[in-house]
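Student: Here is my input, please return the structure:
(one chain, ligands or ions: 2)
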Amino acid sequence: MVEASEPTYDVPMDIKKNFNPAEISELIRVFKFYDTDKNETMDKKEFKQVCIDLGHRDITDEQVQTMLNEVDLNSDGVICFSEFLLMFQKLKSKNEKLFTQVVSSKAGDMNQNVDDSGFTHSYLVEEKEVFARALNHHLEGDKDLAHYLPVNIENDDFFFVVSDGIALCKLINLVQENTIDMRAVNMK
Ligand SMILES: [Ca+2]
Ligand SMILES: [Ca+2]
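Tutor: Residues are numbered from 1 along each chain as shown. Ligands and ions are numbered 1, 2, ... in the order given. Just a heads-up that it's a prediction; the model follows:
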């Protein structure tokens, strides 16, 4: 039999020994979650989402390529599961806290939200709730947002509210005070 492709989730023992079985199965889930076209490898676009979710929110395509090249040990341009594990092995030895955060933020808790342009966002339900609560708590009584608030934490109303530029600017200012001069925002 001619070998067409290596079995993806069959991990060499020397990589496997650095993780416990629970971590391996969690990382398989994480890998499958980001492998959006389900071809069992992670391409540049899919890998970019991993980088973003690891906290590199403003990462450029060039930076993604540089990181991908580092992880892509057999230089076939995509990341297989073994390479993905090796990346996490490095991450685990460098930054245990971030590693735990990734592994425990179960892919099952992730939701996807498709906006009008067809662009798919991934976000953590918890993250959305934190922002929705902040919005309700801090901007309650804001006359410009009176028609929106309080926003329903349970559904996707939050995305509707922040699609209004004014609410988004106010939210950003909440996080980082006076980032946006509200006098410059067109309130209509
Ligand atoms: Ca893929
Ligand atoms: Ca590869």
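
Student: make it CA atoms for all contacts and neighbour counts henceforth
Tutor: Fine.

Student: For the protein, which residues are neighbours of ligand 1?
Tutor: For the chain, the residues in contact with ligand 1 (Cα under 5 Å from the ion) are D35, D37, N39, T41, M42.

Student: need the residues you listed in TSV with distance to V50 and neighbour count, can you?
Tutor: As requested, those are arranged in TSV below (distance: Cα to Cα, whole Å; neighbours: other Cα atoms under 10 Å):
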residue	distance to V50	neighbour count
D35	10	20
D37	14	12
N39	16	11
T41	13	21
M42	10	26
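
Student: Just the terminal-to-terminal distance for stretch 11-22.
Tutor: By Cα to Cα, to the nearest Å, the extent of stretch 11-22 from end to end equals 14 Å.

Student: residues of it that come out buried?
Tutor: The neighbour-count check on stretch 11-22 (16 or more other Cα atoms under 10 Å) flags K16, N18 as buried.

Student: quick check: mean pLDDT across that stretch?
Tutor: Average pLDDT, stretch 11-22: 85.

Student: Next up, the contacts around the residue nearest to L73 when sequence neighbours are not counted.
Tutor: Distance criterion Cα to Cα, 6 or more residues apart in numbering; nearest residue to L73, sequence neighbours excluded, is E83 at 6.8 Å. Counting by Cα atoms under 8 Å, 6 or more residues apart in numbering, E83 touches V71, D72, L73.
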